[in-house]
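Asks: got a sequence here, can you model it:
(chains A and B)
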Amino acid sequence: MSASVALASVQLRDPVFISDLHLAQEQPRTVQRFVRLVEELGSKDRELVILGDLFEYWAGDEEAGEGVGAVVSGALRSLTRGGTSVYVMHGNRDVLLGDGFARATGAVFLADPCRTELAGVATLLSHGVAYCTLDTAYQAFRRRARDPFWQRMFLGRSLALRRTIISQVRRLSEAGKKQMAAQIMDVTPEAIEQALRSAGVRRMIHGHTHRPDRHRIDLDGHSAERWVLPDWDLDVDPPRGGYLQVSGDELAMIDFS
Amino acid sequence: MPTVRLNTTMGSIILELDRQRAPRTVENFLNYARSGHYNNTLFHRVINGFMIQGGGFEPGMRQKPTSKPIENEATNGLKNVKYTIAMARTSDPHSATAQFFINVADNDFLNHSAPNAQNWGYCVFGHVTAGTDVVDRIKGVATMRYGTHQDVPDQEVVIEAAEVVSE
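Replies: So this is what the prediction gives:
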């Protein structure tokens, strides 16, 4: 219910893909770099496609009027006002981005997964968490967080209470991650192949795992590929971050660090 | 159409159930009613502007054992409009057992829109034909947090009996 419309397919021209910025008050340099990227895109008229976890957390669309939420929303708003399209997919942390955020920014939501065509190749866009099928505890949480009944109950609470609940969940999740095998937190190759096969596409672009790479896949005797977007953190040393840029027939990973 | 009366501590609610559109769900609800499961259970989750939920806890917030979960019939076209009754469940679409809720607003976002977990919807299987004033009084009660449960009425709202008035 929080986001009423999301595109299942989208036409893109020369997009830039980012994900996993985890923007928050505690990451001022990362926020700054994001705002700069947005300004650069505006001058080049390149579409911005955000494949999840733009924010570290999102307790509801009131966030668009406060602090980092307001800074980021304002930047996106000027981009869309200038005529550049912004597409946003939900991640696992900002699953509550809703219609209020879309109105504040002029952004359009993408369903997960979402189909597009890039450089003549049918492509699937996803945040990526859905393919981390070994993380069963998280998948259960994800189902609940996306459930309309649960969302209605949660969004009915005060913003203060929602933030408290979210910070509790985040603490538990951080503690859990330290004990979880790396394999569980990565995508399951079979789940990716199944998704490519059933969508009839040969390329996937996703984020979530923080393992930027270009994987070549043999899909039933055909070549396919999977691009994994980098996460951003410019408030650590060394800083890291980047994006995937499509220019005509060429896909290129641009690294800040 | 089967009719069930919920005698609550705040008055009686008469429900007419739609056996044609939701045969399995109605049979399931009637089975719980006939067996006396709903007698002495609470409306334990009350959210004004959304819904009132009950049928799973005894006074003191003790959860009652249930039968097996049922198939979700939310594809039947019945809508979650004000004063309809629907099955409560977890985020697994096919997990409803005994708990139900009465919508106190038009909750379109709970309707079936696609055959996947997120959009399966919540199955409506009847509506309130008398006692909407009782529903309105229940939705307005003060609520509190009780253990891990939010939105629990300060003063318990008890379903003293659920009677099958006609089959």
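
Asks: tell me where the stretch 101-250 of chain A has strands.
Replies: A:108-118, A:121-126, A:203-206, A:213-219, A:222-228, A:242-247, A:250-255 (DSSP state E, counting those that start in this stretch).

Asks: report all helices and strands that the second one contacts.
Replies: If you count contacts as 3 or more C-beta pairs under 8 Å, 6 or more residues apart in numbering or on different chains; DSSP states H and E, strand A:121-126 packs onto strand A:48-51, strand A:108-118, helix A:189-199, strand A:203-206. C-beta here means a position set from N, CA and C on the backbone, and glycine is covered the same way.

Asks: please identify which of those is closest to chain B.
Replies: Closest approach to chain B among those is made by strand A:108-118 (10.0 Å; C-beta to the nearest C-beta).

Asks: show me what that closest one is packed up against.
Replies: Judged by 3+ C-beta pairs under 8 Å, 6+ apart, strand A:108-118 is in contact with strand A:7-9, strand A:86-89, strand A:121-126, helix A:189-199.

Asks: now the residue lying closest to A:Ala145 once chain neighbours are set aside: how far from A:Leu54?
Replies: With C-beta to C-beta, 6 or more residues apart in numbering or on different chains as the criterion, A:Ala145 has its nearest non-adjacent residue at 4.9 Å, and that residue is A:Val95. A:Val95 sits 12 Å away from A:Leu54, going by C-beta to C-beta, to the nearest Å.

Asks: the two - which one has more neighbours?
Replies: Set A:Val95 next to A:Leu54 and count neighbours by other C-beta atoms under 10 Å in any protein chain shown: A:Leu54 wins out with 26 against 21.

Asks: do you know which of the helices and strands packed on strand A:121-126 lies nearest B:Ala162?
Replies: Evaluated over those, closeness to B:Ala162 peaks at strand A:108-118, with 40.8 Å, by C-beta to C-beta.

Asks: next, the angle from that closest one to strand A:121-126.
Replies: Here the directions of strand A:108-118 and strand A:121-126 differ by 150 degrees (axes from the mean of the first three to the mean of the last three C-alpha atoms, to 10 degrees).

Asks: paired strands for strand A:108-118, with orientation please.
Replies: Strand pairing for strand A:108-118, using DSSP bridges, gives strand A:7-9 (parallel), strand A:86-89 (parallel), strand A:121-126 (antiparallel).

Asks: on that earlier part again, the residue nearest to A:Ala145 and B:Ser12, how far apart?
Replies: To B:Ser12, A:Val95 is 40 Å away according to C-beta to C-beta.

Asks: report how many residues lie close to the closest residue to A:His127 other than its chain neighbours.
Replies: Nearest residue to A:His127 in three dimensions, chain neighbours excluded: A:Gly52, at 3.2 Å (C-beta to C-beta, 6+ apart). Other residues lying near A:Gly52 total 29 when counted by other C-beta under 10 Å.

Asks: same check on B:Val141?
Replies: Count around B:Val141 with other C-beta under 10 Å applied: 17.

Asks: how about the secondary structure of it?
Replies: Secondary structure, DSSP: H, G, I helix; E, B strand; the rest coil: B:Val141 is coil.

Asks: quick check: A:Cys114 touching A:Val10?
Replies: Yes - when contacts are counted by C-beta atoms under 8 Å, A:Cys114 is listed as touching A:Val10 (5.8 Å).

Asks: which positions in the stretch 51-200 of chain A make contact with chain B?
Replies: The stretch 51-200 of chain A comes close to chain B at residues A:Ala140, A:Arg143, A:Arg144, A:Arg146, A:Asp147, A:Pro148, A:Phe149, A:Trp150, A:Arg152, A:Met153, A:Gly156, A:Arg157, as judged by C-beta under 8 Å from any C-beta of the partner chain.

Asks: okay, the helices and strands packed on strand A:121-126 in JSON lines with mean neighbour count and mean pLDDT next?
Replies: Listed next are the helices and strands packed on strand A:121-126 as JSON lines, based on neighbours: other C-beta atoms under 10 Å in any protein chain shown; pLDDT from 0 to 100:
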{"stretch": "strand A:48-51", "mean neighbour count": "26", "mean pLDDT": "98"}
{"stretch": "strand A:108-118", "mean neighbour count": "20", "mean pLDDT": "96"}
{"stretch": "helix A:189-199", "mean neighbour count": "15", "mean pLDDT": "95"}
{"stretch": "strand A:203-206", "mean neighbour count": "25", "mean pLDDT": "98"}
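
Asks: of all the ones you listed, which one is nearest B:Gln20?
Replies: Here strand A:108-118 is closest among these (C-beta to C-beta), at 33.7 Å.

Asks: that closest one versus strand A:222-228: what angle between them?
Replies: Strand A:108-118 runs at 140 degrees relative to strand A:222-228, counting by the same axes, to 10 degrees.

Asks: can you give me every residue that contacts A:Met153?
Replies: B:Ile47, B:Phe50, B:Gln150, B:Asp151 (C-beta atoms under 8 Å, 6 or more residues apart in numbering or on different chains).

Asks: do A:Leu234 as well
Replies: A:Leu234 is in contact with A:Gln27, A:Arg29, A:Thr30, A:Gln32, A:Arg33, A:Arg240, A:Gly241, A:Phe256, counting by C-beta under 8 Å, 6+ apart.

Asks: what residue ranges in the stretch 101-250 of chain A score low on pLDDT?
Replies: Scanning the stretch 101-250 of chain A for pLDDT under 70 picks out A:180-184.

Asks: report how many residues lie close to the nearest residue to A:Ser19 once chain neighbours are set aside.
Replies: Spatial nearest neighbour of A:Ser19, chain neighbours left out: A:Gly207 (2.9 Å); criterion: C-beta to C-beta, 6+ apart. Counted with other C-beta under 10 Å, residues neighbouring A:Gly207 total 29.

Asks: could you point out the longest helix in the chain?
Replies: Using chain A here. For chain A, the longest helix by residue count, based on DSSP state H, is helix A:159-179.

Asks: please go with chain B instead
Replies: In chain B, taking DSSP H as the definition, the longest helix is helix B:23-34.

Asks: got the CA coordinates for that helix in CSV?
Replies: Extracted in CSV, the C-alpha atoms of helix B:23-34 (Å, rounded to 0.1, in the frame of the first residue of the first chain):
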residue,chain,number,x,y,z
PRO,B,23,-16.9,-21.9,0.3
ARG,B,24,-13.8,-23.2,2.1
THR,B,25,-13.4,-20.1,4.2
VAL,B,26,-17.0,-20.1,5.3
GLU,B,27,-16.9,-23.8,6.2
ASN,B,28,-13.7,-23.2,8.2
PHE,B,29,-15.2,-20.3,10.1
LEU,B,30,-18.4,-22.3,10.8
ASN,B,31,-16.4,-25.2,12.1
TYR,B,32,-14.6,-23.0,14.6
ALA,B,33,-17.9,-21.4,15.6
ARG,B,34,-19.7,-24.8,16.0
